[in-house]
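Q: Pasting the sequence and the predicted model now:
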Amino acid sequence: MGSGWLVIFAVVSGYTASGIVASLYRLSGIDAESRHGRIVRQAALIVAGPTVLLETAYRGYAKKEWSLLMFWFAVMGLSYWSFAIGLLVIDFAIRF
């Protein structure tokens, strides 16, 4: 049962880190039209991607543009991405 909790904790940690990075990027006000802005946006989306794409999936489902099956496929894929980010966060926390 301990490994199951670790998986859940890693997914939640990944979504939390993703949300924090997405919020910081939005607060920064960096213009995505410049070359520098595009580079920063792409770097931020590596970590912030699950939160940003989950918002997009939820909006699509709420507007009836996405089916329930497609929404849950997106949630599962984004959870896997979040799991990978969460493992990196946990590893970083253990090392430092």
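A: Everything's here; your move.
Q: All the helices of this protein, in order from the start?
A: Counting by DSSP state H, the chain has helices at residues 2-28, 35-62, 68-95.
Q: which non-adjacent residue is nearest residue 84?
A: Nearest residue to residue 84, sequence neighbours excluded (C-beta to C-beta, 6 or more residues apart in numbering): residue 14, at 6.9 Å. Quick note: C-beta positions are derived from backbone N, CA and C, even for glycine.
Q: tally of neighbours for the one you found?
A: Residue 14 has 26 neighbours, counted by other C-beta atoms under 10 Å.
Q: Distance of the most centrally placed residue in the chain relative to residue 57?
A: Centroid check for the chain by C-alpha atoms, centre = their mean gives residue 50 as the closest residue, at 2.3 Å. Using C-beta to C-beta, to the nearest Å, residue 50 is found at 10 Å from residue 57.
Q: shared neighbours of the two, anything?
A: Contact criterion C-beta atoms under 8 Å, 6 or more residues apart in numbering; residues shared by residue 50 and residue 57: residue 78.
Q: Residue 30: what's it in contact with?
A: Shown in contact with residue 30 (C-beta under 8 Å, 6+ apart): 36-37, 40-41.
Q: how close does the residue nearest to the centre of the chain get to residue 95?
A: In this structure, residue 50 lies at 23 Å from residue 95, with C-beta to C-beta as the measure.
Q: okay but the residue nearest to the centre of the chain is in contact with residue 85, surely?
A: Yes. Counting by C-beta atoms under 8 Å, residue 50 touches residue 85, with 7.0 Å between them.
Q: Now for these two: what residues contact both?
A: 14, 18.
Q: picking up where we left off before, present the helices of the chain as JSON lines; the columns should include mean pLDDT.
A: JSON lines is the format used below for the helices of the chain (pLDDT from 0 to 100):
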{"stretch": "helix 2-28", "mean pLDDT": "93"}
{"stretch": "helix 35-62", "mean pLDDT": "93"}
{"stretch": "helix 68-95", "mean pLDDT": "96"}
